[in-house]
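Participant: With the sequence up front, the predicted model follows.
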Amino acid sequence: MIKNDIYELYQTMERENILLSFKGVVTSDLLTSVLSIMESKMDYMEESPKTKKKVFNVLVECLQNLYHHIDSEDVDKNQIEAKSALFMIAKRNDQFVIQTGNYIERENGEELKRRIDTINSMDRDELKNYYQEVLNNGNMSDKGTAGLGMIDIARKSGNKLDYQFLPINDQSSFFCLNIKID
């Protein structure tokens, strides 16, 4: 039975043109490895330097978000998935697609939703000004970030941030982010 499951997964990944997929705990070593793997894949695919740069910039921000912002306080500590994340990188037509997912405290999700909706309401010039405003404001979160990641992802990808929060229980949601890079 497991052979069929693996083959079905393989076929799905082929059909969806998944270049790289990972589920587990995101570490700094993993970030380095993923970037190295993607560099090799994009070289093999003969992508332009401009495309490589955009994909790498967005990928770094997405992976750093997973590394720095995984919430697990309200999830059973015995579950390894509490600190796990999922990400996939695919090439569909002329776009790269980066999809991430991780657990988040519901109250943190509300703030994140508000920030993403604000970002999605802006055009390119407004995003640039907003980035500078947040950068100059200099307020650091308790995790040592200034909240520039999502703004940078929107700026570098050139697209709106597609997201969803899936309720898990009263305290937690699973945050799904889908980024398209032209």
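Facilitator: Cool, got the structure.

Participant: Which parts of this protein are helices?
Facilitator: Assigned by DSSP state H, the helices in the chain fall at 2-15, 28-44, 49-69, 106-120, 124-137, 149-157.

Participant: so how far is residue 168 from the most centrally placed residue in the chain?
Facilitator: The residue lying closest to the centre of the chain (CA atoms, centre = their mean) is residue 62, at 3.5 Å. According to CB to CB, to the nearest Å, residue 62 stands 21 Å off from residue 168. Where you see a C-beta, it was placed from the backbone N, CA and C, and this is true even at glycine.

Participant: now do residue 149
Facilitator: Residue 149 is 23 Å from residue 168, where distance means CB to CB.

Participant: Give me the more crowded residue out of the two.
Facilitator: residue 149 (17 against 14; other CB atoms under 10 Å).

Participant: Deepest in the core, which of the helices of the chain is it.
Facilitator: Burial of the helices of the chain is given as mean neighbour count (mean count of other CB atoms under 10 Å); helix 149-157 ranks first at a mean of 21.

Participant: Can you pull out the low-pLDDT segments for the protein?
Facilitator: 1-2, 69-82, 138-146 (pLDDT under 70).

Participant: count of neighbours near residue 23?
Facilitator: Residues lying near residue 23 (other CB under 10 Å) number 11.

Participant: wait, isn't it in contact with residue 86?
Facilitator: Yes - using CB atoms under 8 Å, residue 23 is in contact with residue 86, at 4.7 Å.
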